[in-house]
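Q: Just need the structure, nothing else, for what follows:
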Amino acid sequence: MRAGSLLVVLAAAVSVCRPGESRAPQAPQAPHERSSAVAQQDTVFAGTLAPVQRVRSSRAGVARPVLRHVETATASPGYDRVVFEFAGDSVPGYRVEYTTKPVQRCGSGDPVTVAGTGRLIVRFEPAQAHDEQSSLTPAERHRTPGLPAVRELTLICDFEGQVAWVLGITVRSEYRVSELTGPARLVLDVRHSP
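A: Modelled structure (predicted):
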C-alpha cells in the first residue's frame, strides 16, 4: 500500500516537472483573493532575536537624514509595526537589538524605563531628529501605543549624528526589519507573543 502511494506521488511530481511542456496562464485573482493569499503567506513570521545591522557612512557635503515621523500600528496577522520615516532618499545606517542592560539617555546618562519586559533599541547613524533650525522632528518624542507587543517607545538620543529609540516590548519576541523608499522608511515588525 505504501509503495503504491509513493509511486502515485512520484508520478505526479514528474508530470509537473517535465521540461518543454506549455502551461495555460492562470486566471488573474480577484482583489479579495489576493489579500487573503497575502494574509496566508504572512502567517509565517520570519523574524529574529539577534541584532540586525546595516552600516552606511556619511559622505562629505551630504546632509544627515532627518527623522520626520514615527508611526505605530498593529498589523495583521500577529505583529505590531513601527515605521521610522526619514527625509531624503535613503534610510541611514541602523542597528536594532534587544538589551538586558539599563537604558540611559545619551549625553545626560539619565535612566529610561519603558513598559514591558523586553527592551528593543533602534539606533540610526548618521541621522538627526531635528531640522536645521533645531526644531524637533518628530515633535512627539514619547508614545504609549499600548499595542499587543509594542507597549511604549521613547527617543533616548539625538546627538552628534546619532538617533536612538527604545521600544518597550511586552515580552521579548522575534522581530524583522525592512527598508522602503518613496519616502525612505525603516519598518520594524515585532511579533505578538504566543
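Q: need the strands for this structure, in chain order.
A: Along the chain, the stretches classed as strands by DSSP state E are 52-54, 67-75, 79-86, 93-99, 103-104, 111-112, 118-125, 142-143, 150-159, 162-169, 175-180, 184-191.
Q: Who does the fourth one pair with, and is each partner parallel or antiparallel?
A: Based on DSSP bridges, the strands next to strand 93-99 in the sheet, each with its direction, are strand 52-54 (antiparallel), strand 118-125 (antiparallel).
Q: and if you look at the longest one?
A: Sheet pairing here is set by DSSP bridges, and for strand 150-159 it gives strand 142-143 (antiparallel), strand 162-169 (antiparallel).
Q: Dump these to CSV, plus mean neighbour count and mean pLDDT.
A: In this view, the C-beta of every residue, glycine as well, is placed from N, C-alpha and C. Below are these laid out as CSV (neighbours: other CB atoms under 10 Å; pLDDT from 0 to 100):
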stretch, mean neighbour count, mean pLDDT
strand 142-143, 14, 96
strand 162-169, 24, 98
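Q: Could you export the strands paired with strand 93-99 as TSV, including mean pLDDT and mean neighbour count?
A: Putting the strands paired with strand 93-99 into TSV (pLDDT from 0 to 100; neighbours: other CB atoms under 10 Å) gives the following:
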stretch	mean pLDDT	mean neighbour count
strand 52-54	97	13
strand 118-125	98	22
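Q: In CSV: these, plus distance to residue 97.
A: What follows is those, written out as CSV (distance: least, CB to CB, whole Å):
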stretch, distance to residue 97
strand 52-54, 7
strand 118-125, 6
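Q: so which of these gets nearest residue 76?
A: strand 118-125 (20.6 Å; CB to CB).
Q: Could you check how far the residue positioned nearest the centre of the chain is from residue 75?
A: The centre of the chain sits closest to residue 188, judged by CA atoms, centre = their mean, with a distance of 1.7 Å. Applying CB to CB, to the nearest Å, the value for residue 188 to residue 75 is 11 Å.
Q: Report the set of residues contacting both of the two.
A: residue 81 (CB atoms under 8 Å, 6 or more residues apart in numbering).
Q: Output the below-cut-off pLDDT ranges for the chain.
A: Applying pLDDT under 70 to the chain picks out residues 1-43, 58-62.
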